[in-house]
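> the sequence and its predicted three-dimensional model are supplied below.
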Amino acid sequence: MRPLLRIESVPINLEFRTQRAQLRQSTEQPRANITRSRGNAFIQTTPSQFRVDTFEARASAGLRSPARVIQDAAVEGRSAAMEATRNYVEQGNAVTDSRGRGNPMVDMITSRAIRTFDTIMAFVPSVPPEISYEAGDIYFDFTRDQLDFDWSHISTRADMEFVPGELEFTVSQFPQVIIEFIGGPRYVPPSSDPDYVPIDY
């Protein structure tokens with residue numbers, strides 16, 4: 001005879017969820033403001049000066065400007081006129097007053113030769129150039145770089161927060177017993193069963 005019932009037991013199903021305890025700490029990061037002042041360098045120089053003035057030297061050698069030539073020509077012309085007058089007077093006096101001092105013509109020719117020689121030598125500069133010198137100067141000013149630190153943003157305070165642990169149970173399946181009838185229909189009286197077979201005693 002087959003069993004009429006099937007019994008099934010379903011166990012309980014539990015789910016666990018845990019969370020660890022935590023200690024949360026927050027601190028402010030230290031900060032510093034740095035300000036930089038750039039340095040600079042200042043250099044000022046005064047160059048040396050070397051001056052050579054050859055104006056008078058050139059003029060004494062006959063190398064003169066047009067204005068100076070005109071001015072000197074006027075002076076020399078007046079001097080030449082006075083010199084010529086004086087020479088004519090001296091020559092006239094020498095010719096008229098010989099008095100046994102030799103030949104006056106020879107003396108006049110010799111004096112003219114000497115004056116010509118002096119005139120030729122006058123073309124060499126007789127005045128030296130004016131030379132002046134001024135030493136140069138240098139001024140140097142230097143300012144170094146500068147760093148300024150501001151530590152006003154440093155904080156020693158720390159914020160702490162404690163988060164306790166957590167344990168959670170969840171019942172995803174409750175226990176149960178499943179009873180299932182697996183037999184056939186029951187006929188009353190039994191003889192009404194189409195598959196009824198009488199029993200012989």
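Good, I have the coordinates.

> which strands and helices lie in contact with the longest helix along the chain?
What stands out as the longest helix in the chain, according to DSSP state H, is helix 66-96. The elements that helix 66-96 packs onto, with contact taken as 3 or more Cβ pairs under 8 Å, 6 or more residues apart in numbering; DSSP states H and E, are helix 104-121. The way it works is simple: take the backbone N, C-alpha and C, and place the C-beta from them, glycine included.

> rewinding a little: mind listing what's buried in the longest helix of the chain?
For helix 66-96, the neighbour count (16 or more other Cβ atoms under 10 Å) marks no residue as buried.

> so how far is it from its chain's centroid?
Distance of helix 66-96 from the chain centroid (Cα atoms, centre = their mean, to the nearest Å) equals 76 Å.

> and if you look at stretch 16-28?
51 Å.

> run through who's touching that stretch.
Stretch 16-28 has contacts (Cβ atoms under 8 Å, 6 or more residues apart in numbering) with 155, 157-170.

> switch the cut-off to 6 Å
If you take Cβ atoms under 6 Å, 6 or more residues apart in numbering as the criterion, stretch 16-28 is touched by S155, A158, D159, M160, E161, F162, V163, P164, G165, E166, L167, E168.

> got it, and stretch 160-178?
The contact list for stretch 160-178 (Cβ under 6 Å, 6+ apart) reads 8-15, 17-25.

> do that again at 7 Å, thanks
7-25 (Cβ atoms under 7 Å, 6 or more residues apart in numbering).

> flag every buried residue along that stretch.
By neighbour count with 16+ other Cβ under 10 Å, stretch 160-178 contains no buried residues.

> what mean pLDDT does stretch 47-59 get?
Mean pLDDT, computed over stretch 47-59, is 82.

> and it, how far apart are its ends?
One end of stretch 47-59 sits 30 Å from the other (Cα to Cα, to the nearest Å).

> among the contacts of stretch 16-28, name the ones in strands.
Judged by DSSP state E, strands contain the following of the contacts of stretch 16-28: A158, D159, M160, E161, F162, V163, E166, L167, E168.
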